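1. turn this into a model:
(2 chains)
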Number of protein chains: 2
Amino acid sequence: MKPINVGLLGIGTVGGGTFTVLERNADEIARRAGRPIRIDVVADTNLDLAKKVTGGRCRLTGDAFAVTGDPNVDIVVELIGGCGVAKDLVLAAIDRGKHVVTANKALLANHGNEIFAAAQRRGVTVAFEAAVAGGIPIIKALREGLTANRIEWIAGIINGTTNFILSEMRDKGLPFAAALAEAQRLGYAEADPTFDVEGIDAAHKLTIMSAIAFGNSMKFGDAHIEGISRLDSSDIKYAEQLGYRIKLLGITRRAAQGVELRVHPALISARRLIANVEGAMNAVLVKGDAVGATLYYGKGAGAEPTASAVIADLVDVARMLTADPEHRVPHLAFQPEAIVELPILPISEIVSSYYLRLRVEDRPGVLADITRILADHQISIEAMIQREPGEGEEQADIIMLTHQTREKNIDEAIVRIEQLPVITGRVTRLRLEGLL
Amino acid sequence: MKPINVGLLGIGTVGGGTFTVLERNADEIARRAGRPIRIDVVADTNLDLAKKVTGGRCRLTGDAFAVTGDPNVDIVVELIGGCGVAKDLVLAAIDRGKHVVTANKALLANHGNEIFAAAQRRGVTVAFEAAVAGGIPIIKALREGLTANRIEWIAGIINGTTNFILSEMRDKGLPFAAALAEAQRLGYAEADPTFDVEGIDAAHKLTIMSAIAFGNSMKFGDAHIEGISRLDSSDIKYAEQLGYRIKLLGITRRAAQGVELRVHPALISARRLIANVEGAMNAVLVKGDAVGATLYYGKGAGAEPTASAVIADLVDVARMLTADPEHRVPHLAFQPEAIVELPILPISEIVSSYYLRLRVEDRPGVLADITRILADHQISIEAMIQREPGEGEEQADIIMLTHQTREKNIDEAIVRIEQLPVITGRVTRLRLEGLL
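-> Residues are numbered from 1 along each chain as shown, chains lettered A, B, ... in the order given. Below you'll find the predicted structure:
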């Protein structure tokens, strides 16, 4: 089937990631979308960079407006950012009847009302999953997954730079300036970090979520915004003593008299899941009246996580343009003709780490016998504790954690261990999942 | 616009929740879906219960097959459960050209291949968000939100009953049987708990997620399933000493030779977010090659959380039947004509708890002055710590956490506190969010 042709505006970090992932996962994406999605043309002012990233496998141009008017282009992906030329390009693409995918939160928070109205009139869609929380499909959750609910509030860690800085301040007791420098050194913060550390980026994202949650128009200008640059590390320390963590939160809440829309550092009980979101990760907590609290967690920035959201939007549009409406989303995500028969592995073939508990007679040489058997089966031990027998007992518990091994190896080793005369009863075996 | 008419099969816990939420949030749901969604007819063998729950506000019948053939019904919602009559009803509804929404994981894990093929042939959709992880929109995330990714693995806490039991065993040091009895007393476990505690329910849900993740057909019969009934509380204790929690996990992973599909208790590092999912909550961790690890957390069961997912599917179908394809999902979730202008509250009007740090001269009566001012402004104190002056210092830090109050109250109080002669410098004020 004829591919969907994408015109990509901007081949920076996210643009490069989008190009890479679309190529690498082309087969899998086509099986889901019903047809291939390919980047037909890339526009960037830096043509050398564009040539390097794309390897000459698509057309290049320095004229982004030529892309928005290109009859060969089905969808325009805007990854330039900001409210300058990006706005003109998005409106030009809409005007030419192109669907648009954008990651541009500043543009939507400031001019979304105008852009969506234009798209509505022209019969095209402007998709923007990548504008909020990177790869986390939070826009889809809010617009489609939680439609039964009266949304009560949203609280999100939606800026990875500030969350990284706050984690550093807490972990290492650093003052703000030192943690910021570390974030800049590692590439988590830009040379001019104002947009991130003063909460403006988070407020853009929050504005978009607030509008969707409450059916309100975009009101970025009315948001209350405080950043973290004046946060004192002593407050982080005191908060911790009281059982709290300090996070930069974006909060929007439906109150009796209106809507709260605010970004600021806040204390959260350390027992809450969201308080334990560390480093550059993002998380959004959504409270609905029917569903209760739901949380969405993942990488909020970076080339491929953001590309994941851009491409999800491309697949959405491709499915809309391809399938009959009833089967826009295939039952099993992949088109029926693309479902394969992958065998399920027998449990003996899986690879895992293991927890072993052995009850042994407390005499010399026991451990040597056990570790010898494990070594014979190429099983290495990561940790071990031995609980000495209590008073009047003659048996000790040995607990071992192994490195990864095939399950049949561990089971064969256990059969041999259980034959040792010093072992009492059966060996307890549990799997240990690193989730890596 | 003409309402979407739903035929509801089964008015038990989830059916009742669906009826309640559809009525309570009728306006909000219609603003999102583009037209009202109403339950036109309910079928249940217990007509007295049906009458009580619906209050006579829809038609009732004891004959579920009459509903599947009812020309007035647009969508059939199957909430009977199991693989008996529910299967015949779903196939009958498909045969009559009805769209189907179901929460029936057993049915889909065992007969999904047949059911989806029938729906595909007949040109209808079978939606099943409620079949996995209750109100968490994980099916939507997998089928639509993560389509860019080659999914590497999924690991989920997808049975609330067993997670509650494991939390009780760990918190209170209870053996399995006692924790199960407690779960039964609180309504988290059924009289016959086999499906939950032996991992079968989790395996149904995992089978569905695995098929969607890897484009595989449903292979429930090949799943490896172990429950928690033989788990010894000493292992929970030893795991904790080593820095791990034991959870009943559903794991599916793409390996070189095939797909892992397994449910069993497993140790997870306590530092992982998913290890801290306690009580009857669910969470699903999905690893994609582009997005990295994403986590989805919420209530996995219960009347309204599950109804949230059922109704999200109803809205999906209603949007498909209502809007032009380009605007199936409105840009801001609500139909453009339903967007309202809700005012954003000034920050002085928000309600929050507060953290205050005051630097004071260390002399008697200081605290009395401060607490008097707070009391004058109706601000009550939840916790306080005082850091005595270090050697050679003359000033102490007082840290206070307040109960909820309006921000203008706290700001007025701070102005007065800063005028006290014993206060040095400015008062530090941070918001404390209970997220309730």
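2. secondary structure element holding residue A:239?
-> helix A:233-241 (DSSP states H and E).
3. now that helix: average pLDDT?
-> For helix A:233-241, the mean pLDDT works out to 96.
4. report the buried residues of that helix.
-> A:233, A:235-236, A:238-239 (16 or more other CB atoms under 10 Å in any protein chain shown). C-beta: built from backbone N, CA, C; applies to glycine.
5. out of the residues you listed, who's nearest chain B?
-> residue A:238 (4.9 Å; CB to the nearest CB).
6. that closest one contacts residue B:398, correct?
-> No. Between residue A:238 and residue B:398 there is no contact under CB atoms under 8 Å: 10.2 Å.
7. state the distance from residue A:138 to chain B.
-> According to CB to the nearest CB, to the nearest Å, residue A:138 and chain B sit 9 Å apart.
8. so for the residue of chain A positioned farthest from its centre, what's the pLDDT?
-> Most distant from the centre of chain A: residue A:392, at 54.0 Å, with distances by CA atoms, centre = their mean. Confidence at residue A:392, expressed as pLDDT, is 79.
9. now do residue A:330
-> 95.
10. what sits closest to it if chain neighbours are left out?
-> Nearest residue to residue A:330, sequence neighbours excluded (CB to CB, 6 or more residues apart in numbering or on different chains): residue A:336, at 6.3 Å.
11. just list the residues touching the one you found, thanks.
-> By CB atoms under 8 Å, 6 or more residues apart in numbering or on different chains, the residues touching residue A:336 are A:330, B:116-117, B:120.
12. please apply the same query to residue A:242.
-> A:267, B:383, B:385, B:399, B:401.
13. try residue A:377
-> A:405, A:409-410, A:412-413.
14. so is the strand or helix carrying residue A:208 next to chain B?
-> According to DSSP H and E, residue A:208 maps onto helix A:200-214. Yes. Helix A:200-214 reaches chain B (CB under 8 Å from any CB of the partner chain) through A:211-214.
15. about what we covered before: any residues in contact with both of residue A:238 and residue B:398?
-> B:357, B:385, B:387.
16. ok, and of those residues, which contact chain A?
-> Okay, of these touching chain A (CB under 8 Å from any CB), that's B:357, B:385, B:387.
17. got the contact list for the second one?
-> Neighbour list for residue B:385: A:238, A:241-242, B:398-399 [criterion: CB under 8 Å, 6+ apart].
18. list the contacts of residue A:89.
-> Contacts of residue A:89 (CB under 8 Å, 6+ apart): A:9, A:64-65, A:68, A:76, A:78, A:80.
19. show me the residues you listed that map onto strands.
-> A:9, A:76, A:78 (DSSP state E).
20. neighbour count and distance to chain B for these - can I get that in TSV?
-> Listed next are these as TSV, based on neighbours: other CB atoms under 10 Å in any protein chain shown; distance: CB to the nearest CB, whole Å:
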residue	neighbour count	distance to chain B
A:9	26	19
A:76	29	15
A:78	29	15
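21. all strands for the stretch 201-350 of chain A, in order.
-> A:224-225, A:244-255, A:258-269, A:281-288, A:292-299 (DSSP state E, counting those that start in this stretch).
22. ignore what I typed, I meant the stretch 1-150 of chain A.
-> A:4-9, A:37-43, A:59-61, A:75-78, A:99-102, A:126-127.
23. those: which one's closest to residue A:315?
-> strand A:37-43 (7.0 Å; CB to CB).
24. any idea of the mean pLDDT in the closest one?
-> Mean predicted lDDT for strand A:37-43 stands at 98.
25. equivalent analysis for stretch A:415-435, please.
-> So the average pLDDT for stretch A:415-435 ends up being 95.
26. go on, stretch A:110-124?
-> Here the average pLDDT along stretch A:110-124 is 97.
27. mind listing what's buried along that stretch?
-> A:110-113, A:115-116, A:118-120, A:122, A:124.
28. who are the neighbours in contact with residue A:347?
-> A:407, B:224, B:262.
29. okay, it: pLDDT?
-> 98.
30. what mean pLDDT does the helix or strand containing residue A:367 get?
-> According to DSSP H and E, residue A:367 maps onto helix A:366-376. Average pLDDT, helix A:366-376: 94.
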